[in-house]
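Colleague: model this:
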Amino acid sequence: QVQLVESGGGLVQAGGSLRLSCAGSGRTFSSYAMGWFRRAPGKEREFVAAISWSGSRTDYADSVKGRFSISRDNAKNTVYLSMNSLKPEDTAVYYCAADRSYTRDVNEYYYWGQGTQVTVSS
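Modeller: Predicted structure coming up:
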């Protein structure tokens, strides 16, 4: 069982930066791959970034590549999403998720956080 709690969302101007955190519970956190997803108003939940259990592999959606960075600290049971050069189209609720599989498929992830709102003003 893994429980996930996101934090760090907020309102930022275009071109600004935010860092999201996802704190996980459980002694097995380090054995899970982690993903970040987002859902904009009126749209489906979409993949943003993923990181393998060790942190040695990362994957990004084309829309955020070069601007966002995913990382993890297994000693702290926490995964991060650093977001730079934010655009209004990045506005969404951001979710972290955990699964045994390292994948960008939203349907594969079993554990989900409650989400944190990111709003980018133009």
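Colleague: so Glu89: helix, strand or coil?
Modeller: What DSSP: H, G, I helix; E, B strand; the rest coil gives for Glu89 is helix.
Colleague: look up how far Glu46 lies from it.
Modeller: 11 Å (Cβ to Cβ, to the nearest Å). Where you see a C-beta, it was placed from the backbone N, CA and C, and this is true even at glycine.
Colleague: ok, Tyr60 next?
Modeller: 12 Å.
Colleague: between the two, who's got more neighbours?
Modeller: The neighbour comparison of Tyr60 against Glu46 (other Cβ atoms under 10 Å) goes to Tyr60, with 18 against 14.
Colleague: surely that one touches Phe68?
Modeller: Yes: if you go by Cβ atoms under 8 Å, Tyr60 and Phe68 touch, sitting 6.4 Å apart.
Colleague: which residues do those two both contact?
Modeller: Shared contacts of Tyr60 and Phe68, defined by Cβ atoms under 8 Å, 6 or more residues apart in numbering, are found at Val48, Ala49.
Colleague: now for the most centrally placed residue in the chain: which residues touch it?
Modeller: By Cα atoms, centre = their mean, the chain has its centre lying nearest to Trp36, at 2.5 Å. For Trp36, the contacting residues are Leu20, Cys22, Val48, Ala49, Ala50, Ile70, Val79, Leu81, Tyr94, Tyr95, Cys96, Ala97, by Cβ under 8 Å, 6+ apart.
Colleague: alright, that wraps it up for me.
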